[in-house]
Structures are given as structure tokens and as C-alpha cells.
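Asks: model this:
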Amino acid sequence: MRTTREVASGETSTPDVASATTAATATDGATNSHSGSGDVKKSNVDRGLGQRRALSAETRSRPFVPLKGEVLHIAWLREYDETGKFTREEGLAYRACIERLMAHYTMEVEAVEETLDGIERGWSDVTLSLGGGFNLRMQRHTEFETLTLSGPGNMKADIGQQITPWEWLLPQDWLIEIPGKVFLVNHAVFRQTAKAYKTDVPTIKELNAARRALSSCSTIHDGGDGDDDDEEEEIHEFDAGSLVGCGIGDGSRMYVNYELDDQGVMQTLVVIPPGENTFIRAGRQLQRFFALEQYRLLILQRLPTAKSKYPLLAGLNERYETLSRELRRSKATSRGHKDQQEFVTQITDLEQAITQLVTRSKLVALTAASYMEIINLRLAEASFTRLGYEIRFLPLFVKKRIDPAVSTINAVAEQALILSDALERTTSLVQASVEVRLQRINERIATYGLFFTLASLAVSFTTSIQPNGSLHWFYVWFVAKTTAIVKMLTTMFVTGSA
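Replies: Okay, the predicted model is just below:
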């Protein structure tokens with residue numbers, strides 16, 4: 001294994017915004033405490049200083065870092081805490097990995113002890129030197145981590161010279177020891193030409209050279225000792241469109257081999273014309289490409305999960321259709337209140353299952369949409385240009401597969417939401433039907449209650465007017481008065497008739 005043995009100097013580290021905020025707040029607090037220790041007077045402390053420092057740190061966070069001639073970019077999913085919080089176990093694992101990586105180079109661990117402590121505490125953006133002209137940058141995101149290893153490389157090599165294996169850049173089995181699931185490894189090299197290209201469209205000779213460097217395919221003719229004119233006319237043999245390219249500005253070109261090697265690593269070749277500024281811009285464009293790949297793979301990773309929801313959606317939809325048919329049949333046959341209650345119970349259970357599916361699918365869709373916005377933003381910033389029609393255009397290649405994936409993820413979420421809305425309306429109708437039935441039953445109960453109340457009053461009155469009853473005197477008086485009135489009316493009628 002090839003290792004470097006040259007001592008490098010210094011390292012830089014950038015704590016996350018939370019650390020900056022904490023430090024600024026502590027400074028303000030100490031100043032306030034000092035000013036309040038004496039007599040009560042108006043404070044001269046700028047209470048917004050901490051907030052300004054925090055906002056400034058956020059504005060300056062994650063800047064572009066100049067790259068060198070050879071770059072290895074690694075991204076892996078975090079697996080320690082589902083909430084996204086940084087744990088001590090995660091910090092210790094990262095520190096152990098970085099220390100082993102430093103042992104592969106020339107930088108002593110004692111020289112960067114403070115930076116290693118920051119990695120252990122969870123700094124979100126760390127850059128340090130490994131010695132021998134190599135440095136690394138480690139960035140922590142909510143869902144994943146990235147590590148970018150950059151070294152001198154051989155920029156003066158011929159474009160067609162095959163890229164050296166990437167394994168020597170890392171200790172043996174180092175990818176296996178990373179505390180997470182690695183989903184992206186990209187090995188990129190820069191090659192600088194002796195003079196600028198005359199046209200924006202690469203020749204067949206250059207495309208063949210790029211494919212030889214990336215070991216993507218072979219040409220029909222070897223070229224041999226033939227002259228340049230013959231080599232210009234060589235016929236390309238494309239292998240399933242794995243080679244993709246684009247112009248990245250200032251005459252620079254980027255070629256990407258999407259066919260992974262045996263270790264699952266993709267290769268990238270960046271060809272730049274002479275000039276320091278063109279190299280710096282090409283490095284920025286390469287970092288944008290790394291961001292594109294990260295979020296592209298994160299979206300594609302959610303595609304199988306979305307597709308796996310289709311059988312569940314079909315099953316839930318079948319249950320909903322069955323309940324709907326039973327509900328219509330119950331209305332046609334005028335089933336009773338108990339059947340309606342059973343329907344409410346079954347639909348409620350179904351609604352819980354659908355709500356859980358809607359929640360999960362919508363979260364996946366929202367995450368995919370946010371990642372897609374980042375991809376579109378990076379593509380707009382990069383302003384990649386087409387290298388003719390002899391090679392696939394990188395932005396179109398990325399969008400051709402990522403757009404259907406996002407559409408599928410959104411379709412699952414929309415179907416689950418439609419089913420949830422339909423079930424909610426059905427539940428409302430069933431509940432309304434049950435409420436109507438309950439209202440009718442309550443009306444009947446009220447009618448029966450009035451009848452029984454009147455009957456009870458009649459029985460009580462009949463009992464009370466009996467000889468031993470409490471109202472017997474009233475009954476005797478009422479009968480006597482009634483009899484007297486009847487006799488009087490009868491006498492008046494007889495007298496009037498005479």
C-alpha cells in the first residue's frame with residue numbers, strides 16, 4: 001500500500017453554529033453579570049451581539065474549500081440516533097476512524113488533538129491536514145455524513161492514462177469501519193492540458209482518451225501508431241450509457257463513469273485548460289457535482305420504500321371497497337343500529353391504518369421534494385453545458401431517472417391521501433346516519449316517557465280518590481257539587497219547557 005511520508009503543517013477546524021451561538025451567549029451573559037455587580041445603572045452591553053455572531057457563523061458555514069489534483073469523496077448514512085441528534089458513541093466512532101486514517105498518512109494525532117476533540121463533540125464542518133499535501137474535510141448533516149479527501153495527484157498526466165486505483169488513499173478495510181452505511185464513493189482526478197481547447201465539443205480522440213482513463217469501454221480500433229486523423233475517425237462503442245459528461249466552464253470538461261467498480265466506487269475525470277483560476281472553478285464545480293450525487297442517491301434510496309407501499313395501498317383500498325359495499329347493502333335492507341355501530345368500528349380501524357400510511361408517505365415525499373430543490377439549485381448554479389451529442393449530457397442523465405422516482409414517491413403519497421379523504425367522508429356519512437337513528441330512538445323514548453307519565457298520573461289519581469285515599473273528600477265534594485249542578489240545570493230546563 002502506498003503511503004505518504006512528508007510532514008505537513010497545521011490544521012483548521014470550524015465548529016457548528018450551535019457552538020458559536022453558545023459561546024456568544026456565554027460572552028454576553030458574562031458581560032451582563034459583570035455590569036450588574038455594581039450600582040444599578042443603565043447597561044451598555046449590546047444584547048444582540050450573540051445573535052449577530054450566530055447569524056454570521058450560519059452565513060459563512062460550509063464554504064467551498066479548494067481541492068487538489070486527486071479527490072476521494074465518501075458519504076454515509078448516520079445510524080446512531082433516528083432523531084438526528086449527535087450522540088457520544090457516534091463521536092467516539094468518528095474519532096477512531098479519523099485517527100486510523102491519520103495513521104495512514106504522516107500527521108501525528110497529538111498535533112491535531114483539539115480538532116479531534118471537536119469531531120468527538122460533533123462539530124459539523126472540520127478541515128484538517130493529513131500531511132504530504134493531503135487534507136480532509138468532514139461535514140455532518142442531519143441524515144448523513146461526508147468526508148472529502150484531497151491530495152496532489154498527477155495533473156500533468158496524459159488524459160488517456162488510466163486513473164490509479166483509489167484504494168491506496170485509505171487504510172485497508174477503512175470503509176467497513178465507518179460508523180454508518182456508505183452510499184456514495186466517488187474517486188475524481190484532475191488532468192490539465194498543455195493548451196486550451198479550440199472548440200467546446202470534444203473530439204472522438206478526446207472521448208476515447210477519457211474512456212480509457214475511466215476504463216469505461218474500449219474503442220473499435222486501438223489507434224496504435226496511426227496518425228491523429230485516423231484516430232479522430234475511430235468509432236465509439238458505448239456501453240449502456242455509463243459514461244456521462246458536461247462542460248463546467250472556462251473550457252473545462254467533466255466525465256463521469258456511472259458504472260461502479262468491484263468495490264462500488266464511481267470515477268470522475270476533470271479535464272481543465274492551463275490556469276489557476278480555471279482549476280479553482282473546476283474544483284467548485286466538482287463539489288457541486290458531489291452534492292448532486294448525494295441527494296440523487298438519497299432520493300433513489302426512498303424509491304423502493306415507496307414502491308413497497310403499493311401492495312399495502314391495494315389491500316387497504318380493497319378493505320375500503322368491501323366496507324362501502326356492506327354499507328350500501330345495509331342501507332338498502334334497513335339494518336339496525338348495531339350494524340351501523342359495527343361499520344363505524346371497522347372504518348375507524350381502517351382509518352388508523354391509512355392515516356399511518358399517509359403520514360409516512362407524506363414525510364418521504366416532502367423529504368424527496370426538498371432534496372430535489374437542492375438538486376435543481378445546484379444545477380442552476382453549475383450551468384453545465386453539453387459536450388455535443390456523442391456523449392450523454394450529465395444534467396439530463398440525472399433528471400431522466402430522478403424525475404420518475406420523485407413522481408412515484410409523490411404518487412404513493414397522493415394515493416394514500418385520496419384514500420384517506422374518501423374514508424373520512426364515508427366515516428362522516430356513517431356517523432351522520434347513526435346520529436339520525438339515535439335521534440329517532442330518542443324521540444320515541446320521549447313519546448313513550450310522556451305516555452307512561454300520563455298513565456302514572458291517572459293511576460295515582462284513581463287511587464287517591466278511593467274511600468281510604470287522601471283525595472277522597474275532594475272526590476265526595478266534587479260529586480256532590482256536580483250532582484247539585486246537574487239537578488239545578490235539569491229543574492231549569494223542565495221549568496222553561498213548561
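Asks: hey, let's count contacts and neighbours off CA atoms from now on
Replies: Will do.
Asks: which residues of this structure score low on pLDDT?
Replies: 1-43, 80-84, 216-241, 330-341, 429-431, 433-434, 498 (pLDDT under 70).
Asks: where along it do the strands fall?
Replies: 12-14, 70-77, 125-131, 134-140, 144-151, 181-192, 243-249, 252-257, 266-272, 392-393 (DSSP state E).
Asks: all helices of the protein, in order?
Replies: In the chain, helices defined by DSSP state H lie at 17-35, 49-59, 88-103, 113-121, 174-177, 204-214, 228-232, 276-307, 309-333, 337-382, 394-464, 472-497, listed in chain order.
Asks: pull out the buried positions in the fifth one.
Replies: I take that to be helix 174-177. Leu175 (16 or more other Cα atoms under 10 Å).
Asks: which elements pack onto it?
Replies: Helices and strands touching helix 174-177, by 3 or more Cα pairs under 8 Å, 6 or more residues apart in numbering; DSSP states H and E, are helix 88-103.
Asks: tabulate the CA atom coordinates of the helix it packs on in PDB.
Replies: The C-alpha trace of helix 88-103 is given here as PDB (Å, rounded to 0.1, in the frame of the first residue of the first chain):
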ATOM      1  CA  ARG A  88     -21.300  10.400  22.300                       C
ATOM      2  CA  GLU A  89     -21.000   6.900  20.800                       C
ATOM      3  CA  GLU A  90     -21.100   8.400  17.300                       C
ATOM      4  CA  GLY A  91     -18.500  11.000  18.200                       C
ATOM      5  CA  LEU A  92     -16.100   8.300  19.600                       C
ATOM      6  CA  ALA A  93     -16.600   6.100  16.500                       C
ATOM      7  CA  TYR A  94     -15.800   9.000  14.100                       C
ATOM      8  CA  ARG A  95     -12.700  10.000  16.100                       C
ATOM      9  CA  ALA A  96     -11.400   6.400  16.000                       C
ATOM     10  CA  CYS A  97     -11.900   6.300  12.200                       C
ATOM     11  CA  ILE A  98     -10.100   9.700  11.700                       C
ATOM     12  CA  GLU A  99      -7.200   8.600  13.900                       C
ATOM     13  CA  ARG A 100      -6.800   5.400  11.900                       C
ATOM     14  CA  LEU A 101      -6.900   7.500   8.700                       C
ATOM     15  CA  MET A 102      -4.200   9.800  10.100                       C
ATOM     16  CA  ALA A 103      -2.000   6.800  10.900                       C
END
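Asks: list the helices and strands that helix packs on?
Replies: Helix 88-103 packs on helix 113-121, helix 174-177, going by 3+ Cα pairs under 8 Å, 6+ apart.
Asks: go again with 6 Å.
Replies: If contacts are counted by 3 or more Cα pairs under 6 Å, 6 or more residues apart in numbering; DSSP states H and E, helix 88-103 sits against helix 113-121.
Asks: show residues contacting the helix it packs on.
Replies: Gly91, Leu92, Arg95 (Cα atoms under 6 Å, 6 or more residues apart in numbering).
Asks: before I go, just wanted to say thanks for your time.
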